[in-house]
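Participant: Predicted structure and sequence below. I'll ask about it afterward.
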Amino acid sequence: MTVFCAFVLGIVQGFTEFLPISSSGHLILTQKLFGLQPDLFLNVAMHFGTLVAVVVFYKKQLWQMLKHPFCKKAKLVYIATLPTVAIGFLAKLFLPSALDGVLLPLGFALTFVLLLTSQFAKKQKHNLLTTKYATGFLCGVVQGIAVLPGLSRSGSTICFLKFCKTKNKDATELSFLMSIPVILGSMVLLGFDVVQTQTAVDIFPVFVGMATSFVFGYLSLGILNKIAQSGNFANFAPYVIFPFLLSCIIL
């Protein structure tokens, strides 16, 4: 893996991890275009970079959750994580080919439909204190289904919460707080794969990919939080057409 390729992949991972356009789908497309084999150690490092980005961005909320581990916000994250972990584990066990990008066009198509229809969500009235635990659980189910490459995790969870009448800012915040255990889980699974392969690691490209994913992950969080104020996530739908068509051509 060259430094340039690691830099490009870091940009793709960081910038698309939190925007509702699917980071996993974009990574698969980028690797196909560059003719690259997936680098497991680099993937772990890039996930770590985006994890640090969301922790830094939401440091105040996370600190409050650490001080009050059984507050409503923390409980929603716990409840949502349970079905996500279960679905992700079952998918990796029984549908590994789907996670490798075989259904990538389908994932992008579903993301397009979700984003486009999100503008028809009824007026939001719930904040994180009034959001029901059942809503948190079902949001975790949606997040678990979004392990399908091309199906945006953030897009799926934010749009689902909007349809449940959760306010845009609160839906965005909960979606990204929910992403922390998911990213941690992905790092653990990738870490096991790294140990099993026992391949030599070139540290500098890995560091470049990690640093780049952190910087661009932080930037994308800022962008989406600005967009969340208006709640017009349907603006991303036209863009998703391009990776959808590209995935149909190159896969």
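Facilitator: Structure received.

Participant: Name the residues of stretch 51-64 that are buried.
Facilitator: Neighbour-count burial for stretch 51-64, counted by 16 or more other Cβ atoms under 10 Å, picks out Leu51, Val52, Ala53, Val54, Phe57, Tyr58, Gln61, Leu62. For every residue, glycine as well, the C-beta is placed using N, CA and C.

Participant: Please give me every residue in contact with the fourth one.
Facilitator: Neighbouring residues of Val54 by Cβ atoms under 8 Å, 6 or more residues apart in numbering: Phe18, Phe176, Ser179, Ile180, Ile183, Gly217, Leu221.

Participant: May I see the buried residues of stretch 38-45?
Facilitator: Within stretch 38-45, judged by 16+ other Cβ under 10 Å, the buried ones are Asp39, Leu40, Phe41, Leu42, Asn43, Val44, Ala45.

Participant: now swap in stretch 113-126 and tell me
Facilitator: For stretch 113-126, a neighbour-count test (16+ other Cβ under 10 Å) marks Leu114, Leu115, Leu116, Ser118, Ala121, Gln124, His126 as buried.

Participant: Specify which member of these is nearest to Phe160.
Facilitator: Leu114 (8.3 Å; Cβ to Cβ).

Participant: Ser156 is in contact with the closest one, correct?
Facilitator: Yes: contact criterion Cβ atoms under 8 Å: Leu114 and Ser156 qualify, at 6.0 Å.

Participant: residues shared between the contacts of these two?
Facilitator: Taking Cβ under 8 Å, 6+ apart as the criterion, Leu114 and Ser156 both touch Pro20.

Participant: Ranking helices and strands of the chain by mean pLDDT, which lands last?
Facilitator: Least confident helix or strand of the chain, by mean pLDDT, DSSP states H and E, is helix 96-99 with a mean of 78.

Participant: Identify the residues contacting the host helix or strand of Thr111?
Facilitator: Assigned by DSSP states H and E, Thr111 belongs to helix 104-117. When contacts are defined by Cβ under 8 Å, 6+ apart, helix 104-117 is touched by residues 20-22, 25, 28-29, 148-152, 155-156, 159, 233-234, 236-237, 240-241, 243-244, 247-248, 251.
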